[in-house]
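1. coords below, sequence missing:
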């Protein structure tokens, strides 16, 4: 069974404000794989578990029609507020029951969402809706993000980050196992398509304020679980980490910009012509 999280309105707002989406470079790798195996006609894509729609907006730049799906009304409400492109639609549904006809979609994506699905059922559903030679793209990033700041010891900075992640680890959902990358690797191995690709270390570097980095980590399910369990403990932890990071950086404002290196992994798979 799929797991329902991220459904509160406040969390959905945080998701839109802080959650990161794949860079243009990373998305281009997905599109290059699709074009190589299917051709340059990008008609319809579906972004499953779309959340507040950041990834859906990226796909809308390249596809004639894009559908974003999610189980959370609050997430979809947030996505609709930002869906100014006329080629985007959103539907509330489970990842395992997509409102799409057989063999109708060029690309099925799930960006940082696949680990919450009923994974075997979703893979069967993706196979059903994909056109022959259509592609499946499952992307995610690890929690082990790295910060850097000019004239600052990166080792000291990231030791604080590691302590933040370690404090959140006991609140990690047991459905994710020790590391979600294992779930994606298992999915890659289980997909019977002869044409597929696995990448487990693609660094994506971006600049954001320290407060945005903190907001990003606070949007994770582990922090949200801690927040539900003990709000004061969660707040103290976040404030302490932010203060320690500023101390290492020798700055006094959380609006100071840092470079955040995010490690992505992904699998790409092309449905055979004769499936």
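-> Cool, the structure landed. Please read all numbers here as calculations on a predicted model, not as lab measurements. Numbers count the residues shown, from 1 in each chain.
2. which residues does the spatially most central residue of the chain contact?
-> Ranked by distance to the mean C-alpha position of the chain (C-alpha atoms, centre = their mean), the top residue is residue 112 at 2.5 Å. Going by C-beta atoms under 8 Å, 6 or more residues apart in numbering, residue 112 touches 19, 49, 51, 139-141. In this view, the C-beta of every residue, glycine as well, is placed from N, C-alpha and C.
3. what separates it from residue 128, distance-wise?
-> 23 Å (C-beta to C-beta, to the nearest Å).
4. Quick check: which ranges of the stretch 151-275 of the chain have low pLDDT?
-> For the stretch 151-275 of the chain, the stretches with pLDDT under 70 are 275.
5. Now do the strands in it.
-> 195-209, 257-270 (DSSP state E, counting those that start in this stretch).
6. Buried by neighbour count: which residues of the lengthiest helix in the chain qualify?
-> The residue-count maximum for a helix in the chain (DSSP state H) belongs to helix 231-249. Judged by neighbour count using 16 or more other C-beta atoms under 10 Å, the buried positions of helix 231-249 are 234, 237-238, 241-242, 244-246, 248-249.
7. who does it touch, helix- and strand-wise?
-> Packing partners of helix 231-249 (3 or more C-beta pairs under 8 Å, 6 or more residues apart in numbering; DSSP states H and E): helix 154-168, helix 210-218, helix 221-229.
8. got a list of what the closest residue to residue 163 other than its chain neighbours touches?
-> Ranked by C-beta to C-beta, 6 or more residues apart in numbering and with sequence neighbours excluded, the top spatial neighbour of residue 163 is residue 241, at 7.5 Å. Contact analysis of residue 241 by C-beta under 8 Å, 6+ apart lists 160-161, 163-164, 214.
9. What is the most widely separated pair among those?
-> 163 and 214 (13.8 Å; C-beta to C-beta).
10. Give the residue from those two that has the larger number of neighbours.
-> Remark: of residue 163 and residue 214, residue 214 carries more neighbours, 20 against 14, as counted by other C-beta atoms under 10 Å.
11. Which residue is the nearest non-sequential neighbour of that one?
-> residue 242 (5.4 Å).
12. swap in residue 269?
-> residue 196 (4.0 Å).
13. likewise residue 104?
-> Per C-beta to C-beta, 6+ apart, closest to residue 104 is residue 129, 5.8 Å.
14. thought residue 25 was touching residue 204?
-> Yes. At 7.5 Å, residue 25 and residue 204 qualify as touching, with contact defined as C-beta atoms under 8 Å.
15. So between these two, which is more surrounded?
-> Taking neighbours as other C-beta under 10 Å, residue 25 and residue 204 compare with residue 204 leading, 16 against 9.
16. Please name the bridge partners of the more buried one.
-> In this entry, residue 204 is beta-bridged to residue 262, by DSSP bridges.
17. And for residue 138?
-> Applying DSSP bridges, one finds that residue 138 bridges with residue 110, residue 267.
18. Enumerate every residue touching it.
-> So residue 138 contacts 109-110, 114, 184, 187, 266-267 (C-beta under 8 Å, 6+ apart).
19. Next, the buried residues of the helix or strand harbouring residue 33.
-> Element membership of residue 33, judged by DSSP states H and E, is helix 24-38. For helix 24-38, burial by neighbour count (16+ other C-beta under 10 Å) applies to 26-27, 29-31, 33-34, 37-38.
20. just those residues now: which is nearest residue 88?
-> residue 27 (15.6 Å).
21. still on that earlier bit, would you mind giving the contacts of residue 241 as a markdown table with distance to residue 176 added?
-> Shown next, in a markdown table, are those (distance: C-beta to C-beta, whole Å):
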| residue | distance to residue 176 |
| --- | --- |
| 160 | 24 |
| 161 | 20 |
| 163 | 20 |
| 164 | 18 |
| 214 | 22 |
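22. quick revisit: wait, doesn't the residue nearest to residue 104 sit right on residue 107?
-> No. The criterion here is C-beta under 8 Å, and residue 129 misses it with residue 107 at 10.4 Å.
23. What number of residues are in the vicinity of residue 156?
-> The local packing of residue 156 (other C-beta under 10 Å) involves 13 other residues.
24. Check the gap between it and residue 208 for me.
-> On the measure of C-beta to C-beta, residue 156 and residue 208 end up 20 Å apart.
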